[in-house]
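*Asks:* Got a predicted structure plus its sequence, pasted below:
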Amino acid sequence: MTKVEGDGGAAPVRAPGFGAGLRDGIPIALGYFTVSIAFGLAAAAIGFPTLGLALMSATNLSSSGQFAGVAVVAGGTLVELALTTLLVNLRYLLMSMSLSQRLQPGTSTLGRLVVAYGVTDEIFAVELGHRVVRARYAAGLMGLPILGWTSGTIVGAVAGEVLPESLSGPMGVLLYAMFTATVVPAVRRSKPVAIVAALAAVASALLYYVPATSGIQAGWRIIIATLVASAIGAWLFPKGTGLNDGAGAEQTDLEVHR
């Protein structure tokens, strides 16, 4: 039981524990398992080893970040990889800052690290449903989703290795289809997000087809297009112009798949 200050003074608030977290994480885990199979299939089809993909999923928990990482690793440098994943996953910093305000008072540094490790769009959305978040609840909530995401990746990677070339080759398109699926919900919900996504696509296409920039490596094209689109979006739609269209600032990316 935790006390939270409210309008009428300190009031007891029941903060759920590890078991409740496990229960709440079941539907997230099922969704992650399904999507990660597609990621494992597609990544294996372009030459990534199963062990490497398993470690990637167990330590990143970010389909969009992993998509960008795979795309860059296939033909880029470590600097490009670091910058690309930093930009793609930057939203987790904002989520973590918001979530830190709901942590149970007195949460240890280790507890905060555990909570931070498992911040994904869906897990963050569930945690926002509680006035107080305990580290043990967060640990339970992320346990099954981590297992689902990692095991699904392994299943997909193994299947990709044993499938004949006639089937495994075309699986590479699944990676791009999966990434598109992560963006569509936010694009449909918010006009500014749709415009920024379109700007990024146009910038990327120009960098690829314009002779003066066509020689730039894929990783740098992603970085440049992201920065250009973000800067224009911040200029066109500054804070307070209805980016979330009534959905609440904390809900902007909650349905974007990790």
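*Replies:* Good, I have the coordinates.

*Asks:* Every contact and neighbour count from this point should use C-alpha atoms.
*Replies:* OK.

*Asks:* remind me which residues of the stretch 101-250 of the chain are low pLDDT?
*Replies:* The stretch 101-250 of the chain contains residues with pLDDT under 70 at 165-183, 185-186, 219, 239-250.

*Asks:* Repeat the analysis, applying 90 as the threshold.
*Replies:* The model of the stretch 101-250 of the chain has pLDDT under 90 over residues 101, 121-122, 125, 128-129, 131, 159-201, 203-205, 207-231, 233-250.

*Asks:* Return the distance of stretch 107-126 from the chain's centre.
*Replies:* 14 Å (Cα atoms, centre = their mean, to the nearest Å).

*Asks:* how about the helices in the protein?
*Replies:* 18-45, 50-60, 63-73, 78-88, 91-100, 109-117, 121-127, 135-162, 165-168, 172-189, 191-209, 218-236 (DSSP state H).

*Asks:* Dump the ones you listed into TSV; add mean neighbour count as well.
*Replies:* Shown next, in TSV, are those (neighbours: other Cα atoms under 10 Å):
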stretch	mean neighbour count
helix 18-45	22
helix 50-60	17
helix 63-73	21
helix 78-88	17
helix 91-100	15
helix 109-117	15
helix 121-127	20
helix 135-162	23
helix 165-168	13
helix 172-189	17
helix 191-209	18
helix 218-236	18
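
*Asks:* OK, contacts around Leu30?
*Replies:* Pro145, Gly148 (Cα atoms under 8 Å, 6 or more residues apart in numbering).

*Asks:* and if we set it to 10 Å?
*Replies:* Neighbouring residues of Leu30 by Cα atoms under 10 Å, 6 or more residues apart in numbering: Leu144, Pro145, Leu147, Gly148, Trp149, Gly152.

*Asks:* ok, now how distant is the second one from Gly118?
*Replies:* Put plainly, it is Pro145. Going from Pro145 to Gly118 by Cα to Cα, to the nearest Å gives 9 Å.

*Asks:* Common neighbours of the two, please.
*Replies:* Overlap of the contact sets of Pro145 and Gly118 (by Cα under 10 Å, 6+ apart) consists of Leu61.
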